[in-house]
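Student: Following is a predicted model, sequence given first.
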Amino acid sequence: MNKQHIISEIKRTAEENGGIPLGKDRFLKETGIKFSDWYGKFWVRWGDALIEAGYEPNIFQGSYNDEHVIEKLISLIRELGHYPVAGELRIKAKNDKHFPTHNVFSRVGKKTELAQKVINYCSKRNDFDDVIKICESITKTKEQESEFGGKDTFSIGYVYLMKSGHFYKIGRSSFVEKRNYEIGIKLPEELKIVHKIKTDDPTGIEAYWHKRFEEKRKSGEWFDLSVSDVNAFKRRKFM
């Protein structure tokens with residue numbers, strides 16, 4: 001493991017994160033580069049590594065307070081007209097460097113907890129009835145689940161990348177191999193599974209990748225991707 005490789009990965013992951021470099025814990029998760037790979041060898045602080053890569057840690061590494069996060073979430077709810085799924089949070093953060101990453105929202109609370117915090121915030125202010133109504137639909141769902149013994153869990157599935165001929169298909173399924181067979185028997189060329197990403201938000205993560213490669217879409221879920229596009233997808237094990 002050399003310094004230049006780590007710096008290159010800092011730049012790559014920052015670019016994928018809307019120009020914001022990752023914290024050291026998320027950096028490890030995304031790249032597999034461990035704390036011991038750089039600490040005491042190249043830098044003594046993660047901020048030093050970010051500076052050498054061309055970033056300002058005092059700007060990007062500062063934490064958001066909860067009220068700021070809630071305000072950002074409210075703005076996105078109004079922009080979308082519904083409560084955002086995880087994929088929409090990721091897309092917004094990628095396109096707006098001032099918008100918190102999905103990890104920041106996870107720190108503030110789970111989906112239903114966040115929705116309740118938004119309701120509490122809006123209830124003390126005027127002209128937020130539209131946001132309250134949207135968030136109440138989230139909290140009421142949780143209340144109904146609790147009444148019948150349900151849990152605040154998410155459905156685990158996969159977002160897959162398959163290739164047939166020169167083109168790639170990005171879709172979602174709970175059973176990727178079965179889906180590969182179902183689609184493959186209808187195609188003139190062999191359909192291969194390139195990679196699959198495990199996720200607790202298949203719909204949102206599928207939307208994230210469709211949006212990311214929108215300019216390369218050929219038809220439906222089929223895309224004309226480059227080697228670097230494919231490698232970017234394959235780097236993700238879980239989203």
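Tutor: Done, it's in. Numbers count the residues shown, from 1 in each chain.
Student: from the middle of its chain, how far away would stretch 111-122 be?
Tutor: 21 Å (CA atoms, centre = their mean, to the nearest Å).
Student: which intervals of the protein have sub-threshold pLDDT?
Tutor: By pLDDT under 70, the low-scoring segments of the chain are 18, 56-64, 141-155.
Student: at 50 what do you get?
Tutor: 58-63, 142-154 (pLDDT under 50).
Student: Distance of the residue nearest the centre of it relative to Gly184?
Tutor: Nearest to the mean C-alpha position of the chain, by CA atoms, centre = their mean, lies Arg90 at 4.1 Å. Going from Arg90 to Gly184 by CB to CB, to the nearest Å gives 29 Å. Quick note: C-beta positions are derived from backbone N, CA and C, even for glycine.
Student: Show the contacting residues for the residue lying closest to Phe238 once chain neighbours are set aside.
Tutor: In this structure, Phe238 finds its nearest non-sequential neighbour in Lys198, 4.8 Å apart by CB to CB, 6 or more residues apart in numbering. Contact partners of Lys198, counting by CB atoms under 8 Å, 6 or more residues apart in numbering, are 156-158, 237-239.
Student: So what's the residue count around the closest residue to Leu187 other than its chain neighbours?
Tutor: If the residues on either side of it in the chain are set aside, Leu187 comes closest to Ser164, at 5.2 Å by CB to CB, 6+ apart. By other CB atoms under 10 Å, 16 other residues sit near Ser164.
Student: Okay, Ser164 and Thr203: tell me how far apart.
Tutor: 23 Å.
Student: can you pull out the helices in this structure?
Tutor: Assigned by DSSP state H, the chain shows helices spanning 3-16, 24-31, 35-38, 46-52, 57-60, 66-80, 86-95, 102-108, 111-123, 129-147, 176-184, 202-212, 227-234.
Student: And the last one, what does it pack against?
Tutor: Based on contacts counted as 3 or more CB pairs under 8 Å, 6 or more residues apart in numbering; DSSP states H and E, the elements that helix 227-234 packs against are strand 157-164, strand 191-199.
Student: and the first one, which strands flank it?
Tutor: In this case it means strand 157-164. Here strand 157-164 is paired, per DSSP bridges, with strand 167-173 (antiparallel), strand 191-199 (antiparallel).
Student: what does stretch 158-171 rub up against?
Tutor: Contacts for stretch 158-171 (CB under 8 Å, 6+ apart): 172-174, 176, 179-180, 183-184, 187, 189-199, 202, 205-206, 209-210, 213, 218, 221-225, 230, 233-234, 239.
Student: from those, which would you call buried?
Tutor: The neighbour-count criterion (16 or more other CB atoms under 10 Å) marks 172-173, 176, 179-180, 183, 191, 195-197, 199, 202, 205-206, 209-210, 213, 221-223, 225, 230, 233, 239 among the contacts of stretch 158-171 as buried.
Student: how far away is the spatially closest residue to Cys122 that is not a sequence neighbour from Val230?
Tutor: Sequence neighbours aside, Phe128 is the residue nearest to Cys122 in space, at 3.5 Å (criterion: CB to CB, 6+ apart). According to CB to CB, Phe128 stands 43 Å off from Val230.
Student: Then Phe238?
Tutor: 18 Å.
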